[in-house]
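S.K.: Okay, sequence plus prediction incoming.
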Amino acid sequence: MGLSLSLALPHGSRHVPQGRGRMSGLNLANAREIDVPNHRLILLASLALLASVQCHSVAAQTMAPMPSMTHDTPMPGMAHDAPMPPKTAAPAGKPAPSHPAVSPTESASVPGGANAIIQVNEAPVPMADPNRGIPMPGDTMADNDIYYQVLFDRLEYVKAPGGSGLAWDMLAWVGRDLNRLWVKSEGTRLYGNTEDARAEALWGHAFAPFWDWQLGVRQDFGNGPPRTWGAFGVQGLAPYWFDIEATAYLGSSGRAAARVRATYDIRFTQRLLLTPEFEANAYSKADEARGIGSGVSEFKLGLRLRYEIRRQFAPYLGVVWGKKLGNTADFARAAGERTTDKQIVAGVRIWF
């Protein structure tokens, strides 16, 4: 094994070949001008080449076939001459599912190789409609049941100049979300007499969110002869959470009346509330027997501070200021009554 080294190899910046890079012949003069390589470099190159040859020879010896690993050697439990187990037939009632056969040529011709998606001419599995839920009857959902409520919005003790008494403002309803039967009653009992008391029975129908039409009858009792009215009005929750009631009444002898009431809850905490209240009444004709004049007869302003021990039970303290106007005030003066009424009230708000 010989190692040939070219004499024209560069060895630094001092090497300048004769004849402008062409060597016409190897003579002694040219050989003297060429730097002789270092003997250590030649020795290292020879050792590296020898080590490479030795590695190739060792690898060839390790790849020799092992005598115990031939293709003809049988493995235990894997005899080639053992009979195959008999084929079991599929149950007659459950035929095996058939799939369209795909030839190897078809899969090989698909561009993209093994990662390509093979198009199969089959209808996709239909997806369920996301807008359709589980069918559930109305009784199960409880969306059309009959409900009821009884509310004593004001059940209070009244302290007024010259005496004391009781006052109430009650409503009850029963029905469904759209149609309900309402019963309302309001009145004051002072100085041992029932004053300005009324009761109403109304049918209510929801015509908008938070708003009801109401149609029914009203009965006045207390001082003077009783009066019966036909009633039509609306009640609901106005913007900014104002509770509004507005009702028109038609009575006998061409009498007409109107009543407006508004309340608002100011929450200081989840349980402590301040409720201002405004109420006004007007009549088209005077009713001297009941001490009512035509026009706006009276209005009231109230302010009650309540604490809800429970949502169903809330005691309160408050003040009420009332004023009689027009002919109604004249009738009160003639009867020796006050036209302005100031009251201190304490009571409880209950519902169930």
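M.R.: Here it is on my side, so go on. Being a predicted model, the structure only gives us computed values, none of them experimental.

S.K.: Once you drop chain neighbours, what's closest to residue 347?
M.R.: Closest residue in space to residue 347, ignoring its immediate chain neighbours: residue 156 at 2.7 Å, by Cβ to Cβ, 6 or more residues apart in numbering. Any C-beta I mention is one placed from the backbone N, CA and C, and that applies to glycine too.

S.K.: number of nearby residues for the one you found?
M.R.: For residue 156, the neighbour count with other Cβ atoms under 10 Å is 26.

S.K.: Sheet partners, orientation included, of the helix or strand containing it?
M.R.: Residue 156 is located in strand 147-160, with elements delineated by DSSP states H and E. Applying DSSP bridges to the sheet, strand 147-160 is found paired with strand 163-175 (antiparallel), strand 340-351 (antiparallel).

S.K.: Give me the mean pLDDT for it.
M.R.: Averaging pLDDT along strand 147-160 yields 95.

S.K.: what comes into contact with it?
M.R.: 164-176, 188, 190, 304, 316, 318, 320, 341-352 (Cβ atoms under 8 Å, 6 or more residues apart in numbering).

S.K.: change it to 6 Å
M.R.: Strand 147-160 is contacted by residues 165, 167-174, 343-348, 350-352 when judged by Cβ atoms under 6 Å, 6 or more residues apart in numbering.

S.K.: residue contacts, residue 182?
M.R.: Taking Cβ under 6 Å, 6+ apart, one finds 173, 202, 204 in contact with residue 182.

S.K.: got a pLDDT number for it?
M.R.: pLDDT, residue 182: 98.

S.K.: is it true that it lies in a strand?
M.R.: Yes: under DSSP: H, G, I helix; E, B strand; the rest coil, residue 182 falls within a strand.

S.K.: Look up the residues forming beta bridges with it.
M.R.: When assigned by DSSP bridges, residue 182 has beta-bridge partners residue 173, residue 202.

S.K.: gap between it and residue 189?
M.R.: Residue 182 sits 23 Å away from residue 189, going by Cβ to Cβ, to the nearest Å.

S.K.: Then residue 311?
M.R.: 28 Å.

S.K.: out of these two, which sits in the busier spot?
M.R.: Taking other Cβ under 10 Å, residue 311 and residue 189 do not tie; residue 189 has more neighbours (17 against 9).

S.K.: Switch the strands paired with strand 147-160 over to CSV; also include mean neighbour count, mean pLDDT and distance to residue 297.
M.R.: Shown next, in CSV, are the strands paired with strand 147-160 (neighbours: other Cβ atoms under 10 Å; pLDDT from 0 to 100; distance: least, Cβ to Cβ, whole Å):
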stretch, mean neighbour count, mean pLDDT, distance to residue 297
strand 163-175, 16, 94, 18
strand 340-351, 17, 96, 13
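
S.K.: Could you export those strands as TSV, including distance to residue 218?
M.R.: Formatted as TSV, the strands paired with strand 147-160 follow (distance: least, Cβ to Cβ, whole Å):
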stretch	distance to residue 218
strand 163-175	13
strand 340-351	23
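
S.K.: Tell me which of those strands lies nearest to residue 277.
M.R.: strand 163-175 (9.5 Å; Cβ to Cβ).

S.K.: contacts for the closest one?
M.R.: Strand 163-175 has contacts (Cβ under 6 Å, 6+ apart) with 148-156, 158, 180-186, 188-191.
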